[in-house]
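Colleague: okay, here's the prediction I keep looking at, along with the sequence it came from:
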Amino acid sequence: MKRGMLFVLIWLSVAPAIAQEVLPATAGPDIVSDALPVLFDGAVRFRWRVPGNEEATAALQNTMPPAAVAADGHVTEVRLTVPDGAVIELVSGKAFVPQPLPGFGAVYGQVWPIAVDAGGQQSLPDGNVEFAGRWVGVRNRFYAVVLSDMTAGQVLVKTERDNEPRISIVPVPGQTAVLFRLYAGPVEHNTLRTADPVLTGLLFASLWNWLRWLCFGMLWLLTAIHGVVGSTGWSIVVLSLAVKILMTPLTKTADRLQASVNEAAALLQPQIAAIKRDFGGEEAHNRILAVYKKYGVHPLYTLRSLAGFLIQVPVFIAAFDMLGDNFALHAAPFLWIADLSRPDQWLALPVTLPFFGGYLNLLPCLMTALTLLTSWLQKDDALTPELIRRQRVRLFWMAGAFFLLFYTFPAGMVLYWTTNNALALARLMPRLIGTMTASR
């Protein structure tokens with residue numbers, strides 16, 4: 001059984017004695033009868049209690065109104081008869097919290113109380129929740145338990161412990177018949193869409209709509225590739241190649257902008273360096289502006305290279321989000337990697353290091369090595385040796401930053417960027433061969 005995630009809903013509509021034998025109730029005013037469903041092998045469960053009345057709460061352990069259930073895939077329609085004054089609770093337990101990742105990967109180890117409607121997903125703060133027209137419940141990275149169409153007086157959210165939210169459904173006073181729909185299943189596009197198209201709002205929920213559509217496009221492309229390749233890992237490799245090809249016009253534009261910046265820098269920097277060496281203060285400033293004016297170059301010309309980078313950022317973000325929360329990567333092996341949704345954990349370390357954890361992750365090291373080699377080989381002959389040195393220093397710092405960012409991230413995501421860096425290096429292979437030949 002994988003971390004308590006058992007895809008079986010245990011629905012009890014049997015006599016109290018049988019129910020107690022299957023799911024023994026725990027005494028006490030806070031933990032009450034488990035006559036309602038147990039989801040994901042107890043990671044999330046429904047329960048009910050009578051607030052402020054321990055006697056009535058205890059009585060529910062022996063007298064449980066029946067539940068009528070009609071299940072259709074991952075969506076279940078539930079009709080319950082509850083005692084007057086009883087509160088139904090959707091409780092997320094420790095088993096629903098994803099196995100934690102070190103470093104920046106900790107972002108994938110959270111559980112959220114959420115609402116989903118046509119406008120997308122919203123995280124819920126503690127307090128009263130408007131229920132009409134929305135799905136309300138809890139989710140983690142790969143699974144969600146949400147309910148809708150509730151005829152209730154109010155819905156309350158409370159988080160007493162980190163990552164263990166509780167949703168309380170308070171029926172209208174005097175109302176004993178409760179009806180709702182329940183979705184309990186993976187955060188996976190086709191499954192969510194089949195259950196209710198509104199639930200696709202769970203996907204890529206933190207992004208603007210236009211970026212979400214870019215994520216959906218990359219998800220569709222990855223799914224199509226997987227249908228041909230059959231391996232999740234190799235599908236990610238092919239996806240990186242496909243995106244590289246599709247982005248060729250943007251890459252050429254970025255290269256052209258960078259080349260124009262390099263040409264201007266090669267022309268201006270020697271003169272600007274001489275001015276800074278021989279003059280100071282306002283005179284140096286005026287002389288530098290005169291150099292810019294002489295060659296018709298704007299003082300902010302270096303922003304062109306930034307523009308070339310920014311036009312590629314949306315694709316970076318889309319790939320980042322699509323692979324980070326992709327259910328298809330969950331427990332998917334590839335080469336030495338046991339689970340593409342977690343760091344590759346190539347080698348166990350004798351100690352657990354702060355931030356980095358207890359494993360040596362190979363893919364981030366390969367990704368960084370390829371970046372450094374590409375940075376060393378990629379130079380513009382128009383630049384002076386000093387400008388080439390500065391450019392390499394910037395690229396080396398960027399490689400270090402990406403190493404720290406990706407080291408504890410899911411292996412599937414790092415595999416994508418490692419492949420991307422390998423393709424960038426392949427473009428420079430003629431230069432590498434020429435360098436090696438000249439050194440002999």
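Modeller: Yes, it's here.

Colleague: which helices and strands sit right next to the helix or strand that contains Ala266?
Modeller: Here Ala266 is covered by helix 248-278, with elements defined by DSSP states H and E. Where contact means 3 or more Cβ pairs under 8 Å, 6 or more residues apart in numbering; DSSP states H and E, helix 248-278 is packed against helix 281-294, helix 303-310, helix 385-406. Bear in mind the C-beta positions are built from the backbone N, C-alpha and C, glycine included.

Colleague: buried residues of it, list them for me.
Modeller: Judged by neighbour count using 16 or more other Cβ atoms under 10 Å, the buried positions of helix 248-278 are 251, 254, 257-258, 261-262, 264-266, 268-269, 272, 275.

Colleague: can you pick out the most distant pair from these?
Modeller: Distance extremes for the buried residues of helix 248-278: the farthest pair is Thr251 and Ile275 at 35.3 Å, using Cβ to Cβ.

Colleague: thinking again about what came up before, now pLDDT too, for the buried residues of helix 248-278, in CSV please.
Modeller: Rendered in CSV, the data for these read as follows (pLDDT from 0 to 100):
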residue, pLDDT
Thr251, 80
Ala254, 78
Leu257, 78
Gln258, 75
Val261, 76
Asn262, 75
Ala264, 76
Ala265, 75
Ala266, 75
Leu268, 76
Gln269, 79
Ile272, 79
Ile275, 82
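
Colleague: what's around Gly174, how many residues?
Modeller: Gly174 has 8 neighbours, counted by other Cβ atoms under 10 Å.

Colleague: my bad, Ala106
Modeller: So Ala106, with other Cβ under 10 Å, has 12 neighbours.

Colleague: swap in the one 5 residues further on?
Modeller: Other residues within reach of Val111, judged by other Cβ under 10 Å, total 23.

Colleague: pLDDT value on the closest residue to it other than its chain neighbours, please?
Modeller: With Cβ to Cβ, 6 or more residues apart in numbering as the measure, Asn163 is the residue that lies nearest to Val111, at 4.2 Å, once sequence neighbours are left out. As predicted, Asn163 sits at a pLDDT of 89.

Colleague: now the phi/psi pair for Asn163, please.
Modeller: Geometry field for Asn163 lists phi and psi as phi 60, psi 20, criterion degrees, to the nearest 10.

Colleague: now do the contacts for it.
Modeller: For Asn163, the contacting residues are Ser92, Phe96, Val97, Gly109, Gln110, Val111, by Cβ atoms under 8 Å, 6 or more residues apart in numbering.

Colleague: how close does the spatially closest residue to the second one that is not a sequence neighbour get to Leu370?
Modeller: Right, Phe96. In space, and not counting its chain neighbours, Phe96 is closest to Ala43: 3.9 Å by Cβ to Cβ, 6+ apart. Per Cβ to Cβ, to the nearest Å, Ala43 is found 39 Å from Leu370.

Colleague: do the same with Tyr407
Modeller: Relative to Leu370, and taking Cβ to Cβ, Tyr407 is found at 15 Å.

Colleague: same deal with Val238?
Modeller: Val238 sits at a distance of 18 Å from Leu370 (criterion: Cβ to Cβ).

Colleague: pretty sure Gln121 belongs to a strand, no?
Modeller: Yes: when DSSP: H, G, I helix; E, B strand; the rest coil is applied, Gln121 is found to be in a strand.

Colleague: what sits opposite it in the beta ladder?
Modeller: Listed beta-bridge partners, Gln121: Val116 (assigned using DSSP bridges).

Colleague: pretty sure it contacts Leu199?
Modeller: No: with contact defined as Cβ atoms under 8 Å, Gln121 does not count as touching Leu199 (9.2 Å).

Colleague: ok, the closest residue to Ser235 other than its chain neighbours - contacts?
Modeller: In space, and not counting its chain neighbours, Ser235 is closest to His226: 4.2 Å by Cβ to Cβ, 6+ apart. By Cβ under 8 Å, 6+ apart, the residues touching His226 are Thr232, Ser235, Ala328.

Colleague: which element is the second one on?
Modeller: Per DSSP H and E, Ser235 falls inside helix 232-246.

Colleague: what's that helix in contact with?
Modeller: With Cβ under 8 Å, 6+ apart as the test, helix 232-246 has contacts from 218, 221-222, 225-226, 229, 251, 315, 319, 323, 328-329, 332-335, 337, 340, 412, 415-417, 419-420, 423.
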